[in-house]
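Trainee: I would like the atomic coordinates for the input below:
(chains A, B, C, D, E and F)
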There are 4 protein chains.
Amino acid sequence: MADTAGPTEQPAARRRGRPHRREASEQKRRAIFDAAVKVVGRRGYAEASVARITTQAKVAQGTFYLYYKSRQDLLDQLLPALGEEMLAFIRERVSGVDGLVEREEQRLRAFFAYIDQRPELYRILHEAETFAPEGHKRHYKTIADDYIRALARDFRRAGMAARSEAELEATAYILMAARDYLSMRYAHWAGQGEQLPEAVVQTYIHIVRGGLFGTAG
Amino acid sequence: MADTAGPTEQPAARRRGRPHRREASEQKRRAIFDAAVKVVGRRGYAEASVARITTQAKVAQGTFYLYYKSRQDLLDQLLPALGEEMLAFIRERVSGVDGLVEREEQRLRAFFAYIDQRPELYRILHEAETFAPEGHKRHYKTIADDYIRALARDFRRAGMAARSEAELEATAYILMAARDYLSMRYAHWAGQGEQLPEAVVQTYIHIVRGGLFGTAG
Amino acid sequence: MADTAGPTEQPAARRRGRPHRREASEQKRRAIFDAAVKVVGRRGYAEASVARITTQAKVAQGTFYLYYKSRQDLLDQLLPALGEEMLAFIRERVSGVDGLVEREEQRLRAFFAYIDQRPELYRILHEAETFAPEGHKRHYKTIADDYIRALARDFRRAGMAARSEAELEATAYILMAARDYLSMRYAHWAGQGEQLPEAVVQTYIHIVRGGLFGTAG
Amino acid sequence: MADTAGPTEQPAARRRGRPHRREASEQKRRAIFDAAVKVVGRRGYAEASVARITTQAKVAQGTFYLYYKSRQDLLDQLLPALGEEMLAFIRERVSGVDGLVEREEQRLRAFFAYIDQRPELYRILHEAETFAPEGHKRHYKTIADDYIRALARDFRRAGMAARSEAELEATAYILMAARDYLSMRYAHWAGQGEQLPEAVVQTYIHIVRGGLFGTAG
DNA sequence: AATGAATGAGGATTCATTCAT
DNA sequence: TATGAATGAATCCTCATTCAT
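Mentor: Numbering: from 1, shown residues only, chains lettered A, B, ... in the order given. From the prediction side, this is the model:
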């Protein structure tokens, strides 16, 4: 999924034969980007030196600067790109699911599924606050805005009392927080490939249902 | 408060006159530690070089290694120490409060109050995951354990059905998550001295009450 | 003046329409050369990278090496070309002036006039000693030779005792020196557009005519 | 001479045995400085990399930054130090010489003598305009001021008409120029150890005394 | 115990030049 | 002829750590 939607994607045309100049260039940019994702995912931003990234990408150090203005420039693009990929992934998995709580449950499961296949995201997401603060803030504001709109619509559809913008925002941050910390505890610490315990999902749903929509079951 | 409880504390005895050898040594260790808190709080772990810390502490660079095995060694002690301080602060504020929800509300308020007076904590807390991962994990496990015990007791006292260990743990992480993200949004981003909006507290309570203990209202 | 005499000059023929192969090529060479003059004049030799020169000239980096063997190759041509332009400019202004001292005065004024309209020359002239030493030496030897011939002729015409070659040469260097340092002090340091103070010209003439302690004048 | 007066000087005390910390430190600073003089003198500022300077000084690269804030910082100190050394040298040689013209002659000879024993000065003096422009300007302003005072006094003593400040300044720059260009032609180009031709000195004196076309002499 | 000088590896970035297109 | 992507060496500077004093 990510491989066809993300920045790793191969251009549909010319997948065989010598690529044109333009395409070859784009491939190299992507090679560097992907190398950075790998390096940051494995070692963290702090150890993602240009030397390491270019070695991983199998290009010369100087080549890096043909595609990115500076190390920071590339680092700043990591979260936006992966974040967008993740959002698209979740959106797709949630679309078509009916019911407020069910949708929220699906969001959590999709988040874990995404992290499972793109384990690099965890580090990028968490370290971005330190190493790419602007992008980090923007990322969360974007997701929060999405969430606020979705929640408002969900409440309306369910015929429930409207919440103020402030309440919706706080709710959005709490939900983002919950899935983030749960991913820390049950994905990151647990190690890759580890299953998300069903009891955790149930607890999450329980709180969402009881807290958000009143009648806990 | 923190100043009397934290590692900055002066020993009651011998506050005047030439301190004993042992005390003088302890003072120096603390001077370095406090300097590190200041530097990391202001500039982040990444820029907390030994040179900067020792300059701030007004000791020679070499002195650092008489008290800490390495830079990492000191960095690893930052979160445990501040975390303990914070926990003690919150515990004190919550003790004596009656009612489940009221205690939880008080926990949130105390957390914000602590961050407001010790703004360094935010950075240390967040960056520790990157720069002192062991300490970070231990920190959260400790708090989670505290939380699990407190929740179990609270549920028992309220005569509610017992939750499994797994459920309690997930709940604990969600609550820690919530206050963390709320502090990011409403303290860190808002700027120091900014008030925590009342609507945010109400939203938090609402979720806690409705979700955690069943009868939202 | 310089624009019609210098290397920037457009060929009289074919100023319109598609230029011949040969001319187009020559134009490109000149574009690169002029770009180099601009870049070196503004930023100095040290910052005159091939990238900057070609950007300024609006050609690709690789194109540079079709016209110049190396960066140094072009740099070496800067002073000879500008120097020739300058000499022609001064020669024209001095021609027709009668009188030894008057001619020398005119030379100084012409030098300042030239620098005023081609401010790049100052930098190129001064930095060439470091960055294009061969060209620099040749430049001064050429001017000195010119000077020696002119002085010999002037002395002869004035019916004065002949000077030895060695004396004439030393004299030439002193005169070149004087106008160079005066341009440093009263043009370069003073800023562009600044007038050459009349007292300076008078001092120069005074010395030329009667020496430091002479009473000529 | 320079070796006992310049920054290369050994402290009088403790020339034997293990030096004190303070002295050892000062020695190292000097070693780096002297290495820089050598490197810049031989290869020019542009090639005076920190690596080359520290290699020459036989210290590690990092050591450089214990003594100088940056490469530029050291480079900026080169001319002031050598310039001061040179001035002292000339002053000493001229002191005690009677007669206006005789003093001026002595100044020229001393300049050549200094350059002969400190050939590095030539490059440092000339390239400083490009690589340490502030120091270069200051250097010439200082010398010019010295010169202006000396000339005013000389004129006064000789009972000659006073010159305006502007005239004195222009004169000073012309004299500095003359000796500079003569050193270029008859020391730098000629190669080290080459004798200053007597005819050149005579020409200089001739011009000083009676101007170009005067009959003084 | 305390100092601070010394080290050298490792960091990001720029550059002249080459060469396949 | 013209392009511009690619290279990798060289640049300055910072740093954690060691160790003689």
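Trainee: ok, which residues in chain A are in contact with DNA strand E?
Mentor: Contact residues, chain A versus DNA strand E (C-beta under 7 Å from any atom of the strand): A:18, A:20-21, A:47-52, A:61-62, A:64-65, A:70-72. C-beta: built from backbone N, CA, C; applies to glycine.
Trainee: For these, pick the one with the most neighbours.
Mentor: For the residues of chain A next to DNA strand E, the largest neighbour count, defined by other C-beta atoms under 10 Å in any protein chain shown, is 25 neighbours, found at residue A:48.
Trainee: Would you confirm that that one contacts residue A:38?
Mentor: No: in this structure residue A:48 lies outside contact range of residue A:38 using C-beta atoms under 8 Å: 9.5 Å.
Trainee: Which of the residues of chain A next to DNA strand E sits closest to chain B?
Mentor: Using C-beta to the nearest C-beta, residue A:47 is the member of the residues of chain A next to DNA strand E that lies nearest chain B, at 10.4 Å.
Trainee: Could you list the low-pLDDT ranges of chain A?
Mentor: Low-confidence segments of chain A, defined by pLDDT under 70, span residues A:1-19, A:21, A:211-217.
Trainee: the strands in it, which residues?
Mentor: Remark: strands of chain A are absent; assignment by DSSP state E.
Trainee: What's the separation between the closest residue to DNA strand F within chain A and residue A:35?
Mentor: Closest residue of chain A to DNA strand F, C-beta to the nearest atom of the strand: residue A:62 (1.7 Å). Taking C-beta to C-beta, to the nearest Å as the measure, residue A:62 falls 15 Å from residue A:35.
Trainee: OK, contacts around residue A:172?
Mentor: Contacts were defined as C-beta atoms under 8 Å, 6 or more residues apart in numbering or on different chains; by that measure residue A:172 touches A:143, A:144, A:147, A:148, A:151.
Trainee: likewise residue A:97?
Mentor: Taking C-beta under 8 Å, 6+ apart as the test, what residue A:97 contacts is A:103, A:106.
Trainee: Would you mind measuring from it to chain B?
Mentor: Here residue A:97 is placed at a distance of 21 Å from chain B (C-beta to the nearest C-beta, to the nearest Å).
Trainee: Phi and psi next, for that residue.
Mentor: Taking degrees, to the nearest 10, you get phi -90, psi 130 for the backbone angles of residue A:97.
Trainee: Can you pull the residues of chain A lying near DNA strand F?
Mentor: Counting by C-beta under 7 Å from any atom of the strand, the residues of chain A near DNA strand F are A:21, A:24, A:25, A:28, A:59, A:60, A:61, A:62, A:63, A:66, A:67.
Trainee: Going through the residues you listed, which ones are buried?
Mentor: Buried residues within these, counting neighbours by 16 or more other C-beta atoms under 10 Å in any protein chain shown: A:28, A:59, A:63, A:67.
Trainee: excluding its backbone neighbours, what's nearest the third one?
Mentor: When you say that, I think you mean residue A:63. Excluding its sequence neighbours, the residue lying closest to residue A:63 (C-beta to C-beta, 6 or more residues apart in numbering or on different chains) is residue A:54, at 6.6 Å.
Trainee: so the one you found makes contact with residue A:32?
Mentor: Yes: contact criterion C-beta under 8 Å: residue A:54 and residue A:32 qualify, at 7.1 Å.
Trainee: who touches both of those two?
Mentor: Going by C-beta under 8 Å, 6+ apart, residues that sit against residue A:54 and also against residue A:32 are A:63, A:64.
Trainee: thinking again about what came up before, near chain D too, which of the residues of chain A next to DNA strand E?
Mentor: Applying C-beta under 8 Å from any C-beta of the partner chain to these, one finds that nothing falls near chain D.
Trainee: taking those residues one by one, which sit in helices?
Mentor: Counting by DSSP state H, the residues of chain A next to DNA strand E place A:21, A:50, A:51, A:52, A:61, A:62, A:64, A:65, A:71, A:72 in helices.
Trainee: check contacts around the last one.
Mentor: Which is residue A:72. residue A:132.
Trainee: next one: the fourth one
Mentor: The contact partners of residue A:52, taken as C-beta under 8 Å, 6+ apart, are A:39, A:43.
Trainee: Chain neighbours aside, what residue packs nearest to residue A:147?
Mentor: When the adjacent residues along the chain are set aside, residue A:147 lies closest to residue A:172, with 3.7 Å between them (C-beta to C-beta, 6+ apart).
Trainee: cool, residue A:173 as well?
Mentor: If the residues on either side of it in the chain are set aside, residue A:173 comes closest to residue B:181, at 4.6 Å by C-beta to C-beta, 6+ apart.
Trainee: just residue A:60 next, same as before
Mentor: Nearest non-adjacent residue to residue A:60, counting by C-beta to C-beta, 6+ apart: residue A:54, 6.5 Å away.
Trainee: With that, I have no additional questions.
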